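Visitor: coords please:
(2 chains, ligands or ions: 4)
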Amino acid sequence: MKVTFRVPRFDAATDFTAKYQVYHVEVNQFTTILDALNIIKDEQDSSLTFRRGSQSGIDGSCGMMINGRNRLASTTRVLSLNSTEIAVGPLPGFPVIRDLVVDFDSFFAKDAVMLPYLVTDIAKPADGKERLQSPKDANRIALAASCNQCGCCTSACPVHWSNGEYYGPSALTRAYRFVEDSRDTAIKARLDIVGSETGVWRCHTVFNCSECPKSIPNGENIQALKRKIMLNKIGLGRIEVKVARTEATV
Amino acid sequence: MIQHDVIVVGSGIAGMRCALEIKRNAPKADVAIVTKQYPVRAASVVERTGIAAALGNSSSDSVEAHISDTLAYGKSNNAAAVKALCEQAPAAVYELEHMGLPFSRLKSGRIAQQVGYGHSQPRLANAGDQTGHAIVTTLYGEVVRFGIKVYPEWFMLGLVVEGKNVRGVSVLDIRSSEIEVINAKVTVLATGSYGQLYATSSDSYASTGDGHAAALRAGINLIGMDLVNFHPLGVANTGLIINEQVLADGAHLLNASEKRFTNEQASLAEVTAAVNAEIAAGRGVDGHVWLDVRHLPTSQIRERYPHLLDYAEDFAGVNPNHDFIPVKPTQQSSLGGLPTDLNGSVAGFEGLYAVGACANNGVHGEQALPGNELAAAVVFAKLAGAAIADKLGAASYGNVPSYATSNASDEIEGLFGQKGSHKLGLVRKNLRQAFNSQAHTAASDEQHVGLVHSLREQFGQIALHDKNRRFNTELLEALELDRLLDVADAVAKASVAAL
Ligand SMILES: Cc1cc2nc3c(=O)[nH]c(=O)nc-3n(C[C@H](O)[C@H](O)[C@H](O)COP(=O)(O)OP(=O)(O)OC[C@H]3O[C@@H](n4cnc5c(N)ncnc54)[C@H](O)[C@@H]3O)c2cc1C
Ligand code: SF4
Ligand code: SF4
Ligand code: FES
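Guide: Ligands and ions are numbered 1, 2, ... in the order given. The predicted model follows:
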């Protein structure tokens, strides 16, 4: 089947506005959007610029806007869109470098602010083995930890569009993943970070950020962080910390 | 010119683990990482099975049992390397846990141990079925914690070599097409595999053997280049792999007339051969056979290999509870690489180390036991990191020859200036399709040597149509294909020699 692709062409160094270009691609029931872009690049226009990586949705290289929604090109089959006209564009809300390639530097810088590593004063077991964690506690963080940093959520967030300083759902989900980790004890430090000027209170719970290819409930994670900050404010925060410690040492 | 005590090329599991070990042992060392992607996007994330370590958490597993399974699977392994791997894997896994890796857990709170193909005991420590991703994300967090400098989207063009001394690397900043030379006392190659040589591969688009090619160009002989493993369960058009455990658990393979045609419990190599034969005999469906898991409990699928459900839906548009999943053989992993000792040091060259999938110390033998590649990437990267930290005090920057920069810019300008009528996409397609055939015969391997030679000539007549210097992915693909052609030559020659 022949499908039409409409793609904005843009180079931040020389262009003020994007020019749209149309390509026609023959697809079958298995062809993904990324396959189609590869076909265009190989056979029609080698200057079309996009990123690609794992081909499997797990490394987050290929987030883009496809027929009005942020998705991964590698896990979106063309025919699943039920349309023979496909509009593909860069993730909104990030500076475009060229065509479909956007600049992720500020995205990763915000991630780094969240202390994206375990901070704990629970001692390692004397025998050098693993810290214990119940399957239930492990499950609490598994989904948030599966974030591939594709940026689809942050890019879909209207608050992020109007305020580039806002941490955005992906970084906040990263904080959530550690706050919820029974082994981590830097709850206060992280709540201070996410509770700051550019953090969770900016979120208007529009839930656009549920456009996550990993089905991570970013909006709900942010709500959970807000509740924890409030608990801390009224002095119940210490209990939170204690619970985390006892669960981890069971 | 940029200077760092150590430059690590690659931000996969091996590269990041090595950089961290250097920092742990020599906190003052100035270590930096260059990677042609963003660090969290390394091919290591694609791994879905788990990391092998005899923790003995759910059985009376032992290091000895892990050693004997590894030797039985790999056949010609380096025994000393296997011993080091199996002995040190548990500590390496505990360390990942201490870093916060979100492992799946047993009721006891200990790290889960999944059953795995080729393992006599449940031995795979896993984070759901996203273990590779979890390791990369966790190590990246540590890289942030230690403040290790990362240069994302910089492409390593080659090693800077003077005589037998490696002085760093030359790189291309993908965003500007500008060239830099990074001078270092120690250079670590951690550039991953060469899966992109095969038309159907489970590997990332980034696995183009760049480190292998850099070594070849510096006069280093690669070893084991013909050791490439294939897998019968590549999904639909992709080469992505459904965990082989599903076959052990009783899934069926069916041909076009919906009949079983092979013993699914046989070795992966045998099953792969049977699927190839069935398709070649015209009993497949559009180049595929069917994987039937309808009789397996969904709860078990969800528990052991949830990606099966996603892959079936995302890539084939089918529901595996009711429909067959189209599968075909795919390239799984490549074992060839720079010859190293157990510390990752490359013999004959001062200041050069290699870790991870681009290195070969013989630990895997002819085929890697599932989960051992991850374990090896971590264990040997640690050993290399410790050895480098030890040596750093006595190491020096040395002289950077002026040709380092001019060679690099000659390569780029040469590509931009090149004229001709051959198409990059077509040359690459022909190369990858030729190697996709796994039937090794003397004739086919000799043919490959000749084919690579003629594709190399065609490559010299590719004109780049994109002259823009900003984020030029056509240039990037040309650089990668150029390197892949060198790797292809080494693979073809190694195959001929092996017969
Ligand atoms: C689909 C798949 C399934 C696998 N399954 C298993 C399994 O079940 N069990 C198991 O143990 N192992 C498995 N493996 C193997 C295992 O994942 C790898 O051996 C291991 O992750 C390799 O890690 P690495 O750090 O060496 O390389 P990679 O993760 O490939 O990292 C390479 C890095 O080098 C960078 N790079 C490459 N070239 C350049 C350049 N020119 N300039 C700058 N940077 C460059 C890349 O950007 C990347 O950051 C599997 C691999 C794949 C692909
Ligand atoms: S939360 Fe989801 S959408 Fe957002 S970056 Fe992570 S995987 Fe992508
Ligand atoms: S819920 Fe919050 S973070 Fe998510 S899109 Fe809405 S405003 Fe943005
Ligand atoms: S290519 Fe990795 S997520 Fe799409």
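
Visitor: A:Thr14: neighbour count?
Guide: Per other C-beta atoms under 10 Å in any protein chain shown, the neighbour tally for A:Thr14 reads 9. Every residue, glycine included, has its C-beta placed from N, CA and C.

Visitor: am I right that it sits in a strand?
Guide: No - A:Thr14 is assigned coil when assessed by DSSP: H, G, I helix; E, B strand; the rest coil, not a strand.

Visitor: ok, it to A:Arg98 distance?
Guide: In this view, A:Thr14 and A:Arg98 are 10 Å apart by C-beta to C-beta, to the nearest Å.

Visitor: swap in B:Val9?
Guide: In terms of C-beta to C-beta, B:Val9 sits 25 Å off from A:Arg98.

Visitor: also A:Arg177?
Guide: 32 Å.

Visitor: how about B:Leu309?
Guide: B:Leu309 is 36 Å from A:Arg98, by C-beta to C-beta.

Visitor: and B:Tyr198, by the same measure?
Guide: 29 Å.

Visitor: the two: which is more packed in?
Guide: A direct count of neighbours by other C-beta under 10 Å for B:Tyr198 and A:Arg98 places B:Tyr198 higher, at 27 against 24.

Visitor: can you list the buried residues in the lengthiest helix in chain A?
Guide: Ranked by residue count and defined by DSSP state H, the top helix of chain A is helix A:218-233. Buried residues in helix A:218-233, counting neighbours by 16 or more other C-beta atoms under 10 Å in any protein chain shown, are found at A:218-219, A:221-222, A:224-226, A:228-229, A:232.

Visitor: would you confirm that B:Phe416 contacts B:Lys467?
Guide: Yes - B:Phe416 lies in contact with B:Lys467 (C-beta atoms under 8 Å); the separation is 6.6 Å.

Visitor: out of these two, which sits in the busier spot?
Guide: Higher neighbour count among B:Phe416 and B:Lys467: B:Phe416, with 16 against 10, using other C-beta under 10 Å.

Visitor: would you map out the domains in chain A?
Guide: As recorded under automatic domain parsing, the domains making up chain A are A:2-102, A:105-244.

Visitor: could I get the ones you listed as a markdown table with distance to B:Ala125?
Guide: Formatted as a markdown table, the domains of chain A follow (distance: least, C-beta to C-beta, whole Å):
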| stretch | distance to B:Ala125 |
| --- | --- |
| domain A:2-102 | 19 |
| domain A:105-244 | 9 |
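
Visitor: out of the ones you listed, nearest to ligand 2?
Guide: Distance to ligand 2, taken as C-beta to the nearest ligand atom, is lowest for domain A:105-244 among these, at 3.2 Å.

Visitor: need the contact list for residue 77.
Guide: Using chain A here. By C-beta atoms under 8 Å, 6 or more residues apart in numbering or on different chains, the contact set of A:Arg77 is A:29-33, B:314-315, B:317.

Visitor: switch to chain B, please.
Guide: B:Asn77 touches B:70-71, B:362-365, counting by C-beta under 8 Å, 6+ apart.

Visitor: try 6 Å this time
Guide: B:71, B:365 (C-beta atoms under 6 Å, 6 or more residues apart in numbering or on different chains).
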